[in-house]
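Peer 1: sequence first, predicted coordinates after that:
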Amino acid sequence: MAAPSHRRSLRKRRTLAVSAAVVAAGAGAGVFVMNANAGAVDLYHQTLAAKDGWAASGTGTTGGAKADSAHTFTVSTRAQLVKALGSATDTAPRIIKVKGTIDANTDDSGKKLTCADYAAGTGYSLSAYLKAFDPSTYGRSKLPSGTQEKARAAAQQKQAKNVVLKVPANTTIVGVPGTDAGITGGDLTVKGVDNVIIRNLTFSATEDCFPQWDPTDGDKGNWNSQYDAVTLRGATHVWADHNTFTDAPHFDSATPNHYGRQYQVHDGDLDITNGSDLVTVEHNRFTDHDKTMLIGSSDKDSTGKLRVSIHHNVWKGIVQRAPLARIGQIHVYNNVYDTTTIDGYAPLYSINSRAKAQVVAQANYWKVPAGGKVAKLLSGDGTGSIAGSGNLVDGTATDLVAAYNASNSKKIKTTVNWTPTLAAGLETSANNLPTELATTTGAGVLS
């Protein structure tokens with residue numbers, strides 16, 4: 001095993017806070033940091049460092065660093081955020097500073113909106129929906145259709161108009177340090193645009209009031225919801241850094257069952273689909289969630305894209321998809337996976353490589369409780385690959401693919417068709433990661 005690395009963490013090497021700037025200029029002003037490429041810059045103008053994952057490829061990721069004063073905003077309500085985002089087709093560089101927690105389920109005046117508000121006037125009610133599509137009478141061979149399904153879809157569209165927040169190209173969205181900055185109940189959607197930075201935000205309670213019943217999904221059917229906390233669809237050059245993702249305060253364990261299946265109101269945390277490409281996800285915390293990160297919307301998503309770097313994140317109290325990877329070239333390094341069951345979220349697996357995905361997993365650290373199975377840390381469909389080395393389970397070097405393959409008929413392949421070259425901050429030893437990442441990941445760390 002390689003000797004422990006004594007290099008400073010990526011965060012420590014990249015930033016040096018100068019708190020006097022905050023005192024002098026106020027909470028909405030720039031926090032000065034050191035950028036490895038450009039000297040002293042403030043947090044809101046900071047760009048992705050060279051070679052820091054796939055998002056550093058080509059033109060790199062600069063977000064709204066070139067924004068003028070007319071395109072620099074401080075927001076604390078949903079209405080202000082929507083105005084600051086502007087049109088999804090406006091490519092002028094913009095910086096959006098989020099101060100405090102923004103509730104996406106509010107109207108333009110700030111009034112709280114409930115599921116009942118979205119359902120009003122559509123004719124939808126859960127009791128009527130459950131009666132209409134009860135498998136004992138409706139059957140299990142076809143999707144719901146008719147009056148109540150149309151009403152459900154209409155109510156869902158009303159909610160979507162409020163909670164789906166579309167991000168234009170060349171945008172930086174950063175939480176103002178010290179303000180508990182975040183978005184609750186919202187879906188920050190980056191669709192078909194290039195060059196976006198999302199940092200220092202807590203994403204919580206992204207919930208669909210109107211999940212759809214699909215009796216054909218699996219052997220027993222499933223409830224499927226809309227809205228990820230952050231959605232990338234056909235997006236390129238995206239840097240997601242130092243964010244926290246959680247279902248809190250509404251955990252899945254508090255959700256009832258209907259038709260014998262969990263009434264699932266949560267979808268993904270950070271999904272990267274529909275030909276998205278050149279993405280770096282680092283120093284985030286993912287907790288209290290089921291389907292955490294999907295890379296590739298289907299087995300037929302875009303070949304030659306879906307290139308994603310995932311490093312120095314903490315995954316704790318999550319069930320699966322950390323990530324589920326299809327097709328692309330994905331570099332997963334220096335992450336910590338704590339597979340202890342927390343708040344009712346019991347792990348199924350951490351990394352799933354399928355649909356010929358080419359995953360390189362290097363120097364990650366797994367914490368596995370007593371009775372946990374190493375063979376269940378990975379998953380696959382028999383076509384995906386996971387290469388790499390230096391992965392530790394409770395401090396012991398472990399060949400995760402060998403453990404999985406010994407217990408499963410659909411083997412994970414051990415060779416990939418690419419070699420990572422954009423891996424700034426890669427620590428060759430995972431030994432110190434649990435201690436290091438405990439205090440350097442998630443929202444509220446940057447200052």
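Peer 2: The structure has been received and is ready for your questions. A quick note: this is a predicted structure, and the numbers were derived from the prediction, not measured. Numbers count the residues shown, from 1 in each chain.

Peer 1: where does pLDDT dip in this structure?
Peer 2: Applying pLDDT under 70 to the chain flags residues 1-41.

Peer 1: please name the bridge partners of the residue nearest the centre of it.
Peer 2: Among the residues of the chain, the one closest to the centroid is Leu270, at 2.1 Å (C-alpha atoms, centre = their mean). Beta bridges link Leu270 to Val230 when assigned by DSSP bridges.

Peer 1: for it, what are its contacts?
Peer 2: Under the criterion of C-beta atoms under 8 Å, 6 or more residues apart in numbering, the neighbours of Leu270 are Asp228, Ala229, Val230, Leu232, Ala240, Phe245, Val281, Asn284, Phe286, Thr292, Met293. For every residue, glycine as well, the C-beta is placed using N, CA and C.

Peer 1: count of residues packed around the nearest residue to Met293 once chain neighbours are set aside?
Peer 2: Leaving aside its chain neighbours, Met293 sits nearest to Pro323 (3.9 Å; criterion: C-beta to C-beta, 6 or more residues apart in numbering). Residues near Pro323, counting by other C-beta atoms under 10 Å, number 29.

Peer 1: Tyr337 pairs with what?
Peer 2: Each beta-bridge partner of Tyr337 is listed here: Trp315, Trp366, as defined by DSSP bridges.

Peer 1: cool, Val75 as well?
Peer 2: The partner list for Val75 in beta bridges (DSSP bridges) reads Val98.

Peer 1: the strands in the stretch 101-250 of the chain, which residues?
Peer 2: Remark: strands of the stretch 101-250 of the chain, listed N- to C-terminal, are 101-103, 164-166, 171-175, 182-184, 187-191, 194-199, 202-204, 212-214, 222-224, 230-233, 236-241, 244-246; assignment by DSSP state E, counting those that start in this stretch.

Peer 1: thinking again about what came up before, how about the contacts of Leu270 in a markdown table, adding distance to Ser69?
Peer 2: Listed next are these as a markdown table, based on distance: C-beta to C-beta, whole Å:
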| residue | distance to Ser69 |
| --- | --- |
| Asp228 | 32 |
| Ala229 | 30 |
| Val230 | 27 |
| Leu232 | 29 |
| Ala240 | 26 |
| Phe245 | 32 |
| Val281 | 31 |
| Asn284 | 30 |
| Phe286 | 35 |
| Thr292 | 38 |
| Met293 | 36 |
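
Peer 1: want to try TSV for these, with neighbour count and distance to Gly371 as columns?
Peer 2: TSV is the format used below for these (neighbours: other C-beta atoms under 10 Å; distance: C-beta to C-beta, whole Å):
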residue	neighbour count	distance to Gly371
Asp228	26	32
Ala229	31	31
Val230	31	34
Leu232	31	36
Ala240	26	33
Phe245	30	27
Val281	30	30
Asn284	29	28
Phe286	29	23
Thr292	24	23
Met293	28	26
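
Peer 1: need the max-distance pair from the residues you listed.
Peer 2: The widest separation within the contacts of Leu270, taken as C-beta to C-beta, falls between Leu232 and Phe286 and amounts to 15.4 Å.

Peer 1: can I get the strands of the stretch 101-250 of the chain in CSV with distance to Val332?
Peer 2: Formatted as CSV, these follow (distance: least, C-beta to C-beta, whole Å):
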stretch, distance to Val332
strand 101-103, 30
strand 164-166, 28
strand 171-175, 25
strand 182-184, 25
strand 187-191, 21
strand 194-199, 19
strand 202-204, 21
strand 212-214, 30
strand 222-224, 27
strand 230-233, 17
strand 236-241, 15
strand 244-246, 17
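
Peer 1: tell me which of those strands lies nearest to Val314.
Peer 2: When the strands of the stretch 101-250 of the chain are compared (using C-beta to C-beta), the closest one is strand 244-246, at 9.5 Å.

Peer 1: just confirm Gly185 contacts Leu113, I think it does.
Peer 2: No - taking C-beta atoms under 8 Å as the definition, Gly185 is not a contact partner of Leu113, at 9.2 Å.

Peer 1: find residues that contact each of these two.
Peer 2: Contact with both Gly185 and Leu113 is made by residues Asn105, according to C-beta under 8 Å, 6+ apart.

Peer 1: where's Asn432 relative to Asp267, distance?
Peer 2: Distance from Asn432 to Asp267, counting by C-beta to C-beta, to the nearest Å: 34 Å.

Peer 1: who has more neighbours, those two?
Peer 2: For the pair Asn432 and Asp267, the greater number of neighbours falls to Asp267 (22 against 15), based on other C-beta under 10 Å.
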